[in-house]
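1. just coords:
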């Protein structure tokens, strides 16, 4: 089993690309073979990466007070993202009742797909200055109580 974990968003270390790769092997021989292959890949990407991001993560996770403060900040951000998802869904229900955006409330995380076409995304960009990738993936963190109505009006206009 291979598990990859990123600390980039959770610790605000976007430029450092801090994370882990954990491998669970059936036996020592498999472990050594996998480790050798992973190290070959790592060496082709970089030889000696900076470790200041990893030091920051280690410092936070190994200090009970810092870890508790970090967890509170993560909980606050999760709550804010959840709140923005609900606000957007409610605004879209009011403006486009024939369309189902309830997946916004069921999903988690900082990004979500609206489920609209690339043509509709292009109209959002051209006509309303609302930018997202063609797949309709949006950054929930960019939604606020002040812009959610404009966003919902814009989306409803292109449906």
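-> Received, thanks. Quick caveat: nothing in here was measured; it's all calculated off a predicted structure.
2. which is the next helix or strand following the lengthiest helix in the chain?
-> For the chain, the longest helix by residue count, based on DSSP state H, is helix 64-95. Counting by DSSP states H and E, the next helix or strand C-terminal to helix 64-95 is helix 103-106.
3. Can you mark which positions in that following helix are buried?
-> residue 104 (16 or more other CB atoms under 10 Å). For the C-beta atoms, the positions are set from N, CA and C on the backbone; glycine is no exception.
4. now stretch 58-67
-> residue 60.
5. what pLDDT, on average, does that stretch get?
-> Per-residue pLDDT over stretch 58-67 has a mean of 96.
6. mind checking how far it is from the chain centre?
-> Remark: stretch 58-67 is offset 23 Å from the chain centroid, using CA atoms, centre = their mean, to the nearest Å.
7. Residue 137 contacts residue 109, correct?
-> No. Between residue 137 and residue 109 there is no contact under CB atoms under 8 Å: 11.0 Å.
8. Leaving out chain neighbours, which residue sits closest to residue 93?
-> residue 101 (7.0 Å; CB to CB, 6 or more residues apart in numbering).
9. next one: residue 149
-> residue 91 is the one closest to residue 149 (CB to CB, 6+ apart), at 5.9 Å.
10. So what's the residue count around the one you found?
-> 20 (other CB atoms under 10 Å).
11. before we move on, what about the one 10 residues further on?
-> Neighbouring residues of residue 101 were enumerated by other CB under 10 Å; the total is 20.
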